[in-house]
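Colleague: My questions concern the predicted model and sequence given below.
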Amino acid sequence: MPRLRDYVELHFIIFLWGFTAILGKLITIPAVELVALRTLITVLALGLIIYRRGTKFWLGSSQGLKVFCVGFLIAAHWMLFFASARVSSVSICLVGMATCSLWTAFLEPLFTRSRIKAHEILLGLFIILGLYIIFQHETEFNNILGILMAVTSALLASIFTIINAGLAKKMPSTTISCYEMAGACLGTVLFFPVYTYFFAEGGSLNFGLTGMDWVYLLILSLACTVYAYTAGVRLMQRITAYTMNLTVNLEPVYGIILAWIIFNEHKEVSEGFFYGAGIILLSVFIYPVLDAYVMRRKKLKQPLPDKVIVGED
């Protein structure tokens, strides 16, 4: 049975996730170097947690390699996520990330061989409409590039989330995260040569962290990643999946409000952004409510089992 403190903690976790893009923009080093350090700190912290708790770590060479490679998707997702917030704004980045539910609606049936849900496709079309309105009104190249990066980041997030849903049924979640963070760290390091040749300013890596950068980086790695993830898994033992999904939809809202307060981003976006973002966020909020309604209707339509009449011998 969930307690009031469980709901308060859940909202605090969602707030931390919404704060991630803010921290990514506050840290002065580029996105690729930021992901490398974030994943390194996170894997070390998770490794310590696994050691202290005595959680099973070795997954076998075949399974371990599969989980490790999922980290490459996470690395690409985070690099695009932070780069989007840098080149455009946190608000645009988070609206692009809100399309994750759209990608999941299309991709999950392909991975799980389940039926496509009509209401998910309908809401997906509303999200596309919202994106169209934003693109129609945004004239700055950086904003268009930023939302394209964020939408691609959301696509990658949808893929590895679907994969993780299957893995979590077979392996300890903390161990999965540790392997994936290690894979993400290695994937980022392997990307360094391409990054420095084509994208890095001055053709070299920049790890010149200031004192405040270290503070923000530790909050990002330990609070927003390690704590938020492990606490989220713990709360799922008492809070229903429906409540969890409904509350997670507040993540872009929290993030956008924080961006407006900290960076005054509401003065930098077009009027069309508000209309498009409103349609996207409304679709994201409606989804769990509509999904629960459809599931209830489906249960009501199921025929009752035939009564078995037991006669006397």
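Modeller: Okay, I see it.

Colleague: which residues touch residue 150?
Modeller: 80-81, 84, 92-97, 99 (C-beta atoms under 8 Å, 6 or more residues apart in numbering). Heads up, the C-betas are built off the backbone N, CA and C, glycines and all.

Colleague: likewise residue 249?
Modeller: 281, 284-285, 287-288.

Colleague: And it, how far from residue 78?
Modeller: 21 Å (C-beta to C-beta, to the nearest Å).

Colleague: Let me see the ranges of the helices in the stretch 1-150 of the chain.
Modeller: 4-26, 31-53, 61-87, 90-97, 100-112, 118-137, 141-167 (DSSP state H, counting those that start in this stretch).

Colleague: what's the most buried one of those?
Modeller: Mean neighbours per residue, mean count of other C-beta atoms under 10 Å, is largest over the helices of the stretch 1-150 of the chain for helix 90-97, with a mean of 29.

Colleague: give me the number of residues near the residue nearest to residue 13 when sequence neighbours are not counted?
Modeller: Spatial nearest neighbour of residue 13, excluding adjacent residues (C-beta to C-beta, 6 or more residues apart in numbering): residue 228 at 4.8 Å. Using other C-beta atoms under 10 Å, residue 228 has 19 other residues around it.

Colleague: Offset the numbering so it begins at 42, please.
Modeller: In the new count, where the first residue is 42, that last one comes out as residue 269.

Colleague: Phi first, then psi, for the residue lying closest to residue 70 once chain neighbours are set aside.
Modeller: Among residues not flanking residue 70 along the chain, residue 247 sits closest, at 5.4 Å (C-beta to C-beta, 6+ apart). Phi and psi for residue 247, reported as degrees, to the nearest 10, are phi -130, psi 100.

Colleague: count of neighbours near residue 247?
Modeller: 15.

Colleague: likewise the one 3 residues further on?
Modeller: Look at residue 250: counted by other C-beta under 10 Å, it has 17 neighbours.

Colleague: didn't it look like it was pressed against residue 70?
Modeller: Yes: between residue 250 and residue 70 there is a contact under C-beta atoms under 8 Å: 6.1 Å.

Colleague: shared neighbours of the two, which are they?
Modeller: residue 78.

Colleague: Quick check: mean pLDDT of the strand or helix carrying residue 313?
Modeller: In this assignment (DSSP states H and E), residue 313 forms part of helix 312-342. For helix 312-342, mean pLDDT rounds to 81.

Colleague: Quick check: buried residues in that helix?
Modeller: Residues 313-314, 316-318, 320-322, 324-325, 328-329, 331-332 are the ones in helix 312-342 that count as buried (16 or more other C-beta atoms under 10 Å).

Colleague: which one of these is nearest residue 164?
Modeller: residue 324 (4.7 Å; C-beta to C-beta).

Colleague: and after the worst-scoring helix or strand of the chain on mean pLDDT, which helix or strand comes next?
Modeller: Lowest mean confidence among the helices and strands of the chain (mean pLDDT, DSSP states H and E): helix 282-289, at a mean of 65. For helix 282-289, the following helix or strand on the C-terminal side (DSSP H and E) is helix 292-304.

Colleague: hey, C-alpha coordinates of that following helix in CSV?
Modeller: Output in CSV follows, covering the C-alpha atoms of helix 292-304 (Å, rounded to 0.1, in the frame of the first residue of the first chain):
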residue,chain,number,x,y,z
GLU,A,292,8.9,15.4,-16.6
PRO,A,293,8.8,17.7,-19.6
VAL,A,294,6.4,20.1,-17.8
TYR,A,295,8.8,20.4,-14.8
GLY,A,296,11.8,20.8,-17.1
ILE,A,297,10.1,23.5,-19.3
ILE,A,298,9.0,25.4,-16.2
LEU,A,299,12.5,25.3,-14.7
ALA,A,300,14.0,26.4,-18.1
TRP,A,301,11.6,29.4,-18.2
ILE,A,302,12.6,30.4,-14.6
ILE,A,303,16.4,29.8,-14.9
PHE,A,304,17.0,30.8,-18.6
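
Colleague: elements contacting that helix?
Modeller: Under the contact definition 3 or more C-beta pairs under 8 Å, 6 or more residues apart in numbering; DSSP states H and E, helix 292-304 sits against helix 45-67, helix 131-138, helix 312-342.

Colleague: Tabulate the helices of the stretch 42-191 of the chain (TSV), appending mean pLDDT and distance to residue 226.
Modeller: Listed next are these as TSV, based on pLDDT from 0 to 100; distance: least, C-beta to C-beta, whole Å:
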stretch	mean pLDDT	distance to residue 226
helix 45-67	88	17
helix 72-94	94	4
helix 102-128	93	7
helix 131-138	90	22
helix 141-153	82	23
helix 159-178	82	32
helix 182-208	88	15
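
Colleague: Of the ones you listed, which is nearest residue 261?
Modeller: helix 45-67 (4.5 Å).

Colleague: before we move on, back to that, list the contacts for the residue nearest to residue 70?
Modeller: 70-71, 74, 241.
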